[in-house]
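[1] Have a look at this fold, sequence not included:
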């Protein structure tokens, strides 16, 4: 692991991670697993990032999978229902506990472990798949986490993640408004992270999502009068995917055209990456 030799920087990283841990522990305390529809997080029309990842992964049955930054455990449970042997890991003990409750609620066997993504407590070449959803923008140095994910992957294994990008002005206004549901230290990714990843892996595939489809966020705020601090929009789009499907489907067609314009992919809200060791 490429830890910094600067003690002050390491102290700053520790401080950020401590604040992230406390924030997510507080969030975990209010989660009701009965209300989580696991399949929607991967199969809903409004989950294009995970639909892209699933297409690249193929059959996960029998694969050993590390879910880094598991949150409430939707990812571990979903892959567990498809036959993967999953470790639900998070820096927040509260979130790991929620993930295990969700697994039990869905009749799935999942291992839980508290892990620092910048110092993954597993030997080299342990996992077939390392998956991370909405994690890297919480990490003080995302490339250290990516190097760790690469390290614990078996040769030929796949690292997959999706995270927000920093370039779109509309989503940046949303971030400035949603102060109660995010931490101060969150840093959305630069699209050039793909270029940093490529030398580590034998193959890297990526796509970006949510351009015209971001109209849905404007609809939530301007028409439906839902403030970003009252409800997490990125959760709302999953919960209400049936209602949003006709509008989303039309807008997604626009997104496919927009992404053909040079430079437009970087203006999307989220990026999804699947890289093979």
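    Yes, it's here. Note that the structure is predicted; figures quoted are calculated from it, not measured. Numbers count the residues shown, from 1 in each chain.
[2] Tell me the buried residues in stretch 230-237?
    Within stretch 230-237, the residues that count as buried by 16 or more other CB atoms under 10 Å are 232, 233, 234, 236, 237. For glycine as for every other residue, the C-beta is placed from the backbone atoms N, C-alpha and C.
[3] Let me fix that, I meant to ask about stretch 43-50.
    For stretch 43-50, the neighbour count (16+ other CB under 10 Å) marks 44, 45, 46, 47, 48, 49, 50 as buried.
[4] is the residue nearest to residue 198 when sequence neighbours are not counted in a bridge, and if so with what?
    Among residues not flanking residue 198 along the chain, residue 204 sits closest, at 4.8 Å (CB to CB, 6 or more residues apart in numbering). Here residue 204 sits in beta bridges with residue 275, going by DSSP bridges.
[5] and residue 204, how many residues sit next to it?
    Other residues near residue 204 number 16, with proximity taken as other CB atoms under 10 Å.
[6] now the helices for the chain?
    7-28, 40-43, 48-57, 74-81, 93-105, 142-152, 169-177, 193-197, 215-218, 233-239, 241-258 (DSSP state H).
[7] now the longest one against helix 142-152, angle please.
    By that I understand helix 7-28. For helix 7-28 against helix 142-152, the angle by axes from the mean of the first three to the mean of the last three CA atoms, to 10 degrees is 80 degrees.
[8] my guess is residue 42 contacts residue 50, does it?
    Yes: in this structure, residue 42 is within contact of residue 50 by CB atoms under 8 Å, at 4.3 Å.
[9] Determine the number of other residues adjacent to residue 37.
    12.
[10] Sorry, slip of the keys, the one I care about is residue 42.
    20.
[11] Tell me which residues touch the residue nearest to residue 177 when sequence neighbours are not counted, please.
    Excluding the flanking residues, the one nearest residue 177 by CB to CB, 6+ apart is residue 228, at 4.9 Å. Neighbouring residues of residue 228 by CB atoms under 8 Å, 6 or more residues apart in numbering: 174, 177, 178, 181, 221.
[12] so what pLDDT did the residue lying closest to residue 259 once chain neighbours are set aside get?
    With sequence-adjacent residues excluded and distances taken as CB to CB, 6+ apart, residue 259 is closest to residue 265, at 5.2 Å. For residue 265, the pLDDT comes out at 96.
[13] how far is stretch 154-170 from where the chain is centred?
    Distance, stretch centre to chain centre, for stretch 154-170: 8 Å (CA atoms, centre = their mean, to the nearest Å).
[14] and residue 120, backbone torsions?
    phi -70, psi 120 (degrees, to the nearest 10).
[15] hmm, back to that, close enough to count as contact, the residue nearest to residue 259 and residue 191?
    Yes: judged on CB under 8 Å, residue 265 makes contact with residue 191 at a distance of 7.1 Å.
[16] which residues do these two both contact?
    residue 208.
[17] So if I had to pick from these two, which one is more boxed in?
    A count of neighbours by other CB under 10 Å puts residue 265 above the other of residue 265 and residue 191, at 20 against 17.
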